[in-house]
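Asker: okay, here's the prediction I keep looking at, along with the sequence it came from:
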Amino acid sequence: MSVTEIRVVSFGYLHGAPPEGATLVLDLRHHFRDPHLDPALREQTAHDLPVRRAVLATPGIREAIVGAGLLADAFDSGPADAPLTVAVGCAGGRHRAATVAMALARRLAKTGATVHLTHRDLDKPVVERTATGDAIAPAGA
């Protein structure tokens, strides 16, 4: 690894665009089950074990984390000395993105890199859904 510091940022698309300057952006919205749909998990976040278990049990999610880690390693091994930021996004930023960002940060730290993990939207209000299932951000979010 050439870069010694990697930023991993979780975020929710309903609260804004991916962080500016992100080198890699993982969009989890359309390919992985949303724990928000389970009423028992809706008000919880990635700080809660049931949410992390649900996300990490989603088919394909562990492979996505490994793949993202390998991709970050590849960028890190390149000749440029530019900062490396990996942004992980889902709808609200409270469940999938935050859990995957935590797991990815742990994986990258094991390579010897200094990893800075930030959850941009984890503590924002729960995103509600319309009758048709469309996600809407709460007023004032």
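Answerer: Yes, it's here.
Asker: for the protein, what spans make up the helices?
Answerer: Secondary structure of the chain by DSSP state H: the helices cover 39-42, 49-56, 61-77, 96-109.
Asker: mean pLDDT added to those helices, as a markdown table?
Answerer: As requested, these are exported to a markdown table (pLDDT from 0 to 100):
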| stretch | mean pLDDT |
| --- | --- |
| helix 39-42 | 93 |
| helix 49-56 | 97 |
| helix 61-77 | 93 |
| helix 96-109 | 97 |
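Asker: deepest-packed of those, please.
Answerer: Each of those was assessed for mean neighbour count using mean count of other Cβ atoms under 10 Å. The highest is helix 96-109, with a mean of 24. Where C-beta positions appear, they are placed from N, C-alpha and C, glycine not excepted.
Asker: how about the contacts made by residue 124?
Answerer: Residues near residue 124 by Cβ atoms under 8 Å, 6 or more residues apart in numbering: 12, 15, 92-94, 141.
Asker: buried subset of those as a ChimeraX selection?
Answerer: Provided next is the ChimeraX selection string for whichever of these are buried by 16 or more other Cβ atoms under 10 Å:
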select :12,15,92,93,94
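Asker: what about the closest residue to residue 44 other than its chain neighbours, distance to residue 81?
Answerer: Spatially, and ignoring its direct neighbours in sequence, residue 44 is nearest to residue 51 (4.9 Å; Cβ to Cβ, 6 or more residues apart in numbering). Look at residue 51 and residue 81: by Cβ to Cβ, to the nearest Å, they are 37 Å apart.
Asker: show me what contacts the spatially most central residue of the chain?
Answerer: Nearest to the centroid of the C-alpha atoms of the chain, with distances taken as Cα atoms, centre = their mean, sits residue 97, at 2.5 Å. Applying Cβ under 8 Å, 6+ apart, we find residue 97 in contact with 10-12, 28, 88-90, 121.
Asker: cool, and residue 54?
Answerer: Contacts for residue 54 (Cβ under 8 Å, 6+ apart) come out as 33, 35, 38, 41, 95.
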